[in-house]
Structure formats: structure tokens, C-alpha cells
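> Return atomic coordinates for the entry below.
(one chain, ligands or ions: 2)
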Amino acid sequence: MTAQSAPQAPSPFASHALAGKRVLVTGGGSGLGRALAGHLVAHGADVHLWGRREGMLREAAQEAAAGRPGSVHVATVDIRRSDQVDEAMGAIWAEHGPLTSVFNNAGANFIARTEDLSPRAFEAVTSTIMDGSYFTSTAAARRWIADGLPGSILSNLTTWVWTGSAFVVPAAMAKAAVHAMTMSLAAEWARHRIRVNAVAPGPIPTDYAWAMLNPTDKSSSGATQTDRIPAGRTGTVAELAHLVIFLLSDACAYLTGQTIAMDGGQMLAGPGTFAELAKLTDADWAEIRAQSKAASAVSAAQRAVG
Ligand SMILES: CCC/C=C/C(=O)SCCNC(=O)CCNC(=O)[C@H](O)C(C)(C)COP(=O)([O-])OP(=O)([O-])OC[C@H]1O[C@@H](n2cnc3c(N)ncnc32)[C@H](O)[C@@H]1OP(=O)([O-])[O-]
Ligand SMILES: NC(=O)C1=CN([C@@H]2O[C@H](COP(=O)(O)OP(=O)(O)OC[C@H]3O[C@@H](n4cnc5c(N)ncnc54)[C@H](OP(=O)(O)O)[C@@H]3O)[C@@H](O)[C@H]2O)C=CC1
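Ligands and ions are numbered 1, 2, ... in the order given. Model (predicted):
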């Protein structure tokens, strides 16, 4: 397959699409969360970034707030700790006012044979993704419900919530749990005007994720390579940002409980489908047709009727 170059994707949204929104991005010091923060600010939002590395958070805030000084705030929070999450959420409410939106983006993952994982390794990944998303979502929602305010929760998942994935089993399990949380809370909290959705991007290369998921020449696999993606390329941060802006905006107040894949068709071309037959030649297809027609003919000759 020919690798396509990523298109420059100008924002289809007005620069005030998120005006008045106050968005928390967990895992905002690096990778997708960090890059996304700038797009949210450019569309009018104020942004709060959480993570465990203070230096990276400060750099990320400076970068994202370049166009609108004062629009990005940071706090060091380990989202696996419900006490830290609740305290930091309280500080946002007290010092800046209520959030309008939460983006559960922090993640933990590495490739490993499942039989080699220690209980602590399993817990390091699952507690970050599952417990962290739950603690953060509920800390915001309890305050929205008490204040009678609407809110929007969005989580950053993967297509493994539908397919599972070998060699990243704790992450696949925990992301599936957050997918279940998304559907469950959407139904429970719609009456409070709280929407709960998720995105499931295909690969968008970031430094740390690739260090964890494709650390050596031999670790290259379909999950991180472009050659199994029908679109012939990986996704871009701008494309993810546009989906996130739409879902966090007031454009779709009736949209809740959904996990939306954006993967260039990668999941649908997975091993469960015949997508890889795209490599066959005309001669290969002629041979296939001849073989299958011959088998049909044998079968037909054996029929007693019809
Ligand atoms: C298509 C792309 C989709 C993208 C998905 C993503 O999410 S990409 C997102 C990518 N971004 C991130 O992942 C960002 C956050 N990631 C992190 O902070 C770290 O990478 C972390 C996940 C290891 C957690 O760190 P921590 O400080 O909380 O924990 P710790 O260091 O104390 O280790 C705990 C246990 O894990 C064990 N263990 C560790 N590595 C391996 C290994 N390779 N093999 C086996 N085991 C390993 C370690 O030995 C220990 O067990 P032990 O020996 O005590 O029984
Ligand atoms: N890149 C990709 O192709 C895809 C990524 N995703 C998802 O996107 C999200 C971001 O991934 P990406 O940007 O690539 O990877 P990064 O490793 O750059 O981002 C993960 C972030 O999570 C933060 N984090 C981890 N543990 C905690 C914790 N306990 N408390 C607070 N913050 C924490 C990390 O910061 P710190 O270590 O400082 O705490 C880091 O900033 C993940 O959920 C990932 O699963 C989904 C599909 C594809």
C-alpha cells in the first residue's frame, strides 16, 4: 500500500466554538493531550492540564497558552489517587470556577507477553486508565450535580474496546471498562444534562507511546504501522482535535453514550476481515475464481435435486 501524506486539516470550527468552556485534560503534559490543549485554546476554551511531571506540564501550558496568555493552568495530580483528584478538582472550582468538560486522556501502556506481567505491572496500567478515568469523571460530575450545572465527559480510548488486543491486555481491559462507563453514565446522568462520550483514535505517533509500543526494530506490528491502515497513513493531532472540539461543543447536546472510532479504517481491515487480499494480482484472482468454480461444480454434481 502506498503511504499517503497527512492532509493539512484546517479547523472547520469558528475560533469561538469553545468560548466559555473550561476543559480539564488529564495527561496534558505530553503527547496528544499536550498538542490538543493548543487547539482547545485556539477555539476559545480555558484549559487545565493534569499529570505527574510538573516541568512538562509547565512547558505544555506555556506552549498551549502562547496565543492567549493566562488561558492554561496546571496541577500535578496522580489520577490513581482519589484523594489527590478530589483535592485538585476542588481547587479548580474554588480558584477558577466550575469546569464545563473533562477529557480523560491520561494513559499507561507497554507491550509485554501477558504471562510475564507481575500483579504490579497489571495494576500500574489498569489503575491509571480505569480508576483514574472514574475518579476524575465522578469528582467533576458530583460537583456539576450539586451545582445544577451541565457537563461533558470525554475519554480517549482505542479500538481495542471492540477487538481486544494481544500483548497489551491490561490496557485493552481497562479501556473496555471505560467504554462501559461511558455507556452506563450516559444513561444515568442524561437527566442532569451531563453527556458522556469517548473517542477511539487509531495510531497517532507520539514519543512516549511509541517508546512503549514499538521500542525495537522487531516490535513493529500492525497496531503501530501504516501498512495495515486502509487510509495509508496514521492520523493527525489536528484531526483528533476537530473531533474533540465537536464533541465538547454545544453543537451536539443530544449526542451521548457513544465511543467514536477515528482510525482510517484500521479496525475494519483487521485480521478478522479479508482486507489483506488487496495485495493479490489479477492472475491470483483468476486462479481463485477457477478453483472455487471447480469446487462448486463438484458440489453441484453431487446434488440429488436443484
Ligand atoms: C495504537 C496506540 C494506542 C496507545 C495506547 C497508549 O496508551 S500509549 C500511552 C503510553 N504512555 C504511558 O504509558 C505513560 C505512563 N507510563 C508510565 O508511567 C510507565 O510506563 C508505567 C506504565 C510502567 C507505570 O509506571 P509506574 O511508575 O506507575 O510503575 P513502575 O515503573 O513502578 O512499574 C510498575 C510495575 O510494572 C512493571 N513494568 C514496567 N514496565 C514494564 C515492561 N515494559 N514490561 C513488563 N513489566 C513492566 C514493573 O516492573 C513494576 O512491576 P514489579 O516489578 O514491581 O512487579
Ligand atoms: N498515540 C496514539 O496513537 C494513541 C493514543 N491513545 C490514547 O491517548 C492517550 C495519550 O497517549 P499519548 O499522548 O500517545 O501518550 P503519552 O505517554 O504522551 O501520554 C500519557 C499521559 O498520561 C499521563 N499520566 C500517566 N499516568 C498518570 C497518572 N497516574 N496520573 C496523571 N497523569 C498520568 C502522563 O504524564 P505523567 O507521566 O507526567 O503523569 C502522560 O502525559 C492515552 O490514553 C492513549 O491510550 C489512544 C489511541 C491512539
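> Closest to the centroid, which residue in this protein?
Residue closest to the average C-alpha location in the chain (C-alpha atoms, centre = their mean): N156, at 2.8 Å.
> Show the contacting residues for the residue nearest to that residue when sequence neighbours are not counted.
Spatially, and ignoring its direct neighbours in sequence, N156 is nearest to N105 (4.4 Å; C-beta to C-beta, 6 or more residues apart in numbering). From N, CA and C alone the C-beta is placed, and that goes for glycine too. Applying C-beta atoms under 8 Å, 6 or more residues apart in numbering to N105 gives the contacts 25-28, 32-33, 36, 155-156.
> Among these, name the buried ones.
25-28, 32-33, 36, 155-156 (16 or more other C-beta atoms under 10 Å).
> Span of stretch 39-46 from start to end?
Between the opening and closing residues of stretch 39-46 lies a distance of 11 Å (C-alpha to C-alpha, to the nearest Å).
> quick one: that stretch near ligand 2?
No: using C-beta under 6 Å from any ligand atom, stretch 39-46 stays clear of ligand 2, coming no nearer than 13.8 Å.
> For the contacts of N105, could you give me a markdown table that also reports pLDDT?
Formatted as a markdown table, those follow (pLDDT from 0 to 100):
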| residue | pLDDT |
| --- | --- |
| V25 | 99 |
| T26 | 98 |
| G27 | 98 |
| G28 | 98 |
| L32 | 98 |
| G33 | 98 |
| L36 | 98 |
| S155 | 99 |
| N156 | 98 |
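> What residues does I229 make contact with?
Residues counted as contacts of I229 (C-beta under 8 Å, 6+ apart) are 202-203, 263-266, 269.
> Give me the buried subset of these.
Listed as buried from those are 202-203, 263-264, 266, 269; burial here means 16+ other C-beta under 10 Å.
> follow-up on the earlier one: which single one of the buried ones among the contacts of N105 is nearest to ligand 1?
G27 (7.3 Å; C-beta to the nearest ligand atom).
> ok, the closest one - contacts?
33, 50-51, 105-107.
> try it again with 7 Å
33, 51, 105-107 (C-beta atoms under 7 Å, 6 or more residues apart in numbering).
> For ligand 2, state which of these is nearest.
Among those, G107 lies closest to ligand 2 (C-beta to the nearest ligand atom), at 2.4 Å.
> show me the contacts for that closest one.
With C-beta under 7 Å, 6+ apart, G107 has these contacts: 27, 128-129, 156.
> gap between the two ends of stretch 38-55?
By C-alpha to C-alpha, the extent of stretch 38-55 from end to end equals 17 Å.
> That stretch and ligand 1, are they touching?
No: Stretch 38-55 stays clear of ligand 1 (C-beta under 6 Å from any ligand atom), getting no nearer than 7.7 Å.
> near ligand 1, which residues of the stretch 151-300 of the chain?
Going by C-beta under 6 Å from any ligand atom, the residues of the stretch 151-300 of the chain near ligand 1 are 158, 171, 203, 208-209, 212-213, 223.
> which of the residues you listed come close to ligand 2?
Okay, of these touching ligand 2 (C-beta under 6 Å from any ligand atom), that's 158, 203, 208-209.
> If you rank these by neighbours, which is first?
Highest neighbour count within these: T158, with 28 neighbours (other C-beta atoms under 10 Å).
> which secondary structure element contains that residue?
If you go by DSSP states H and E, T158 is not part of any helix or strand.
> My guess is it contacts A174. True?
No: contact criterion C-beta atoms under 7 Å: T158 and A174 do not qualify, at 10.3 Å.
> can you list the weak-confidence ranges in the stretch 151-300 of the chain?
Judged by pLDDT under 70, the stretch 151-300 of the chain has no weakly predicted residues.
> circling back: tabulate the buried ones among the contacts of I229 (a markdown table), appending secondary structure.
Output for these, formatted as a markdown table (DSSP: H, G, I helix; E, B strand; the rest coil):
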| residue | secondary structure |
| --- | --- |
| G202 | coil |
| P203 | coil |
| D263 | coil |
| G264 | coil |
| Q266 | coil |
| A269 | helix |
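> So of those, which two are at opposite extremes in space?
P203 and A269 (13.1 Å; C-beta to C-beta).
> which phi and psi does the closest residue to S219 other than its chain neighbours have?
Residue nearest to S219 in three dimensions, not counting chain neighbours: I111, with 6.3 Å by C-beta to C-beta, 6+ apart. With angles defined as degrees, to the nearest 10, I111 sits at phi -80, psi 140.
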